[in-house]
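Chemist: structure here, sequence nowhere to be found:
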């Protein structure tokens with residue numbers, strides 16, 4: 001009896017467990033069915049992704065090139081003494097503007113004045129002997145015709161006259177040298193410009209043509225701006241300059257270190273003809289007026305060179321240009337069937353916040369600039385003009401940021 005009861009209990013337990021298992025399967029099936037239905041509903045209601053597009057059209061674009069560079073003086077003069085002596089006085093203020101011919105230093109003139117006086121005295125003595133020596137030579141010449149004096153006496157008188165004349169010429173040159181040296185005791189500015197700090201003070205001993213300059217004068221108005229550029233870019237700039245009607249580009253603008261534009265425009269000159277063999281670049285030189293003294297030597301600036309205008313340029317916002325894993329630029333456009341398609345591009349330069357497209361786009365193409373996230377070629381899209389309405393749906397995230405220049 002007990003064995004039968006145990007068998008019955010085991011059978012009943014199995015039946016109950018089987019019943020619960022069937023019920024659980026039905027519930028799981030219902031849940032799966034609900035989840036499938038829930039997934040199909042929104043997908044059907046989502047529709048094409050909404051994107052913002054711009055329609056490509058040609059426009060007029062001003063082409064510029066921005067180059068880093070540094071300023072350099074228009075002219076520079078190092079002041080050195082031309083005679084040796086004692087500095088009596090410095091006659092300028094350090095850092096001030098000086099004019100050509102202004103006296104900067106005064107060297108003690110006493111020894112040079114004495115040398116000049118000595119030369120003048122010797123010259124006067126030689127000139128005093130000239131008259132008597134000349135008369136003696138002329139008298140001996142007349143007496144020689146009458147055989148009153150010998151030929152030797154006449155030759156001695158003529159040689160004495162020649163020697164006196166040579167002494168006079170020598171002393172005249174000595175006087176001239178002494179007068180020049182006396183003038184050199186007043187050291188003057190050879191050019192107009194701004195003078196720097198003085199290398200000597202009053203009472204210093206200086207030597208003629210010493211290697212250390214007493215001071216330096218730099219002409220800063222106008223002023224040069226030197227910018228390095230590769231030879232390939234130089235040739236391109238020259239070609240653009242000739243296409244504009246000359247070998248010189250007329251307009252160059254500057255941006256200062258603090259980002260502020262410089263008020264005066266300059267002129268670009270292709271003066272350097274030597275290529276640096278280590279970098280393959282040359283120095284382009286621009287000349288700028290500097291009446292207010294804003295530009296100082298060796299200041300870092302950025303030169304913006306105007307190369308001309310492109311009357312039929314195609315410009316695309318930078319956020320509308322992406323790059324593939326190899327770095328090649330491309331744009332997503334909307335074709336005639338309202339599907340997104342990838343279009344490879346060849347880019348030129350950046351113009352403000354846009355790219356200049358050399359090839360890859362044509363007039364009338366609709367370029368997607370917003371809604372690019374997770375967008376694939378062939379995806380149906382709903383294109384709206386850029387700025388008309390914000391994109392909606394999963395593609396409404398910010399567009400993928402494009403990388404640097406082509």
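Modeler: Sure, I can see it. This is a predicted model, so every value here is computed, not measured. Numbering: from 1, shown residues only.
Chemist: in a helix, residue 171, correct?
Modeler: Yes - Residue 171: assigned to a helix according to DSSP: H, G, I helix; E, B strand; the rest coil.
Chemist: give the contact list for it.
Modeler: Neighbouring residues of residue 171 by Cβ atoms under 8 Å, 6 or more residues apart in numbering: 119, 122-123, 126. Yep, even glycine has a C-beta here, placed from its N, CA and C like the rest.
Chemist: mark which of the residues you listed are buried, thanks.
Modeler: Neighbour-count burial (16 or more other Cβ atoms under 10 Å) applied to those gives 119, 122-123, 126.
Chemist: which of the residues you listed sits closest to residue 184?
Modeler: Taking Cβ to Cβ as the measure, residue 119 is the one of the buried ones among the contacts of residue 171 closest to residue 184, at 15.4 Å.
Chemist: now for the helix or strand hosting that closest one, which elements pack on it?
Modeler: Assessed by DSSP states H and E, residue 119 sits inside helix 110-145. Applying 3 or more Cβ pairs under 8 Å, 6 or more residues apart in numbering; DSSP states H and E, one finds that helix 110-145 contacts helix 151-184.
Chemist: which one of the contacts of residue 171 is nearest residue 209?
Modeler: Scanning the contacts of residue 171 for proximity to residue 209, where the rule is Cβ to Cβ, the winner is residue 119, at 22.3 Å.
Chemist: list the contacts for that closest one?
Modeler: Neighbouring residues of residue 119 by Cβ under 8 Å, 6+ apart: 171, 174-175, 177-178.
Chemist: how about the closest residue in space to residue 196 that isn't next to it in sequence, secondary structure?
Modeler: Leaving aside its sequence neighbours, residue 196 sits nearest to residue 216 (Cβ to Cβ, 6 or more residues apart in numbering; 4.9 Å). Three-state call for residue 216 (three-state DSSP): strand.
Chemist: how about residue 216, what does it touch?
Modeler: 76-79, 195-196.
Chemist: show me how to select, in ChimeraX, the buried members of the residues you listed.
Modeler: What follows is the ChimeraX syntax for the buried subset of the contacts of residue 216, where burial is set by 16+ other Cβ under 10 Å:
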select :77,79,195,196
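Chemist: quick one on the thing from earlier: just the closest of the contacts of residue 171 to residue 62, please.
Modeler: Looking at the contacts of residue 171 and their distance to residue 62, the nearest is residue 119, at 69.0 Å (Cβ to Cβ).
Chemist: now do that closest one against residue 198, distance only.
Modeler: Taking Cβ to Cβ, to the nearest Å as the measure, residue 119 falls 32 Å from residue 198.
Chemist: got it, and residue 49?
Modeler: For residue 49, the distance to residue 198 equals 74 Å [Cβ to Cβ].
Chemist: need the helix or strand of this protein with the lowest average pLDDT.
Modeler: Counting by mean pLDDT, DSSP states H and E, the chain has its least confident helix or strand at helix 2-46, which shows a mean of 46.
Chemist: what helices or strands is the helix or strand that contains residue 285 leaning on?
Modeler: Assigned by DSSP H and E, residue 285 belongs to strand 281-288. Packing partners of strand 281-288 (3+ Cβ pairs under 8 Å, 6+ apart): strand 58-79, strand 215-230, helix 231-243, strand 252-255, strand 267-269, strand 300-317.
Chemist: that one - what's its average pLDDT?
Modeler: Mean pLDDT, strand 281-288: 88.
Chemist: what angle do that strand and strand 58-79 make?
Modeler: Between the axes of strand 281-288 and strand 58-79, defined by axes from the mean of the first three to the mean of the last three Cα atoms, to 10 degrees, the angle is 90 degrees.
Chemist: neighbouring contacts of strand 281-288?
Modeler: Outside strand 281-288, the residues that touch it by Cβ under 8 Å, 6+ apart are 67, 69, 74, 222-231, 234, 237, 252, 254, 262, 264-276, 295, 303, 305.
Chemist: ok and it relative to strand 215-230, angle-wise?
Modeler: Going by the same axes, to 10 degrees, strand 281-288 makes 120 degrees with strand 215-230.
Chemist: how far out from the middle of the chain is strand 281-288?
Modeler: Between the centre of strand 281-288 and the centre of its host chain there is 8 Å, according to Cα atoms, centre = their mean, to the nearest Å.
Chemist: same thing with stretch 86-103?
Modeler: Here the centre of stretch 86-103 is set off from its chain's centre by 33 Å, with Cα atoms, centre = their mean.
Chemist: can I see the domain layout of the chain?
Modeler: What automatic domain parsing lists as the domains of the chain is 49-60+312-396, 65-73+218-310, 81-206.
Chemist: appreciated, that's everything.
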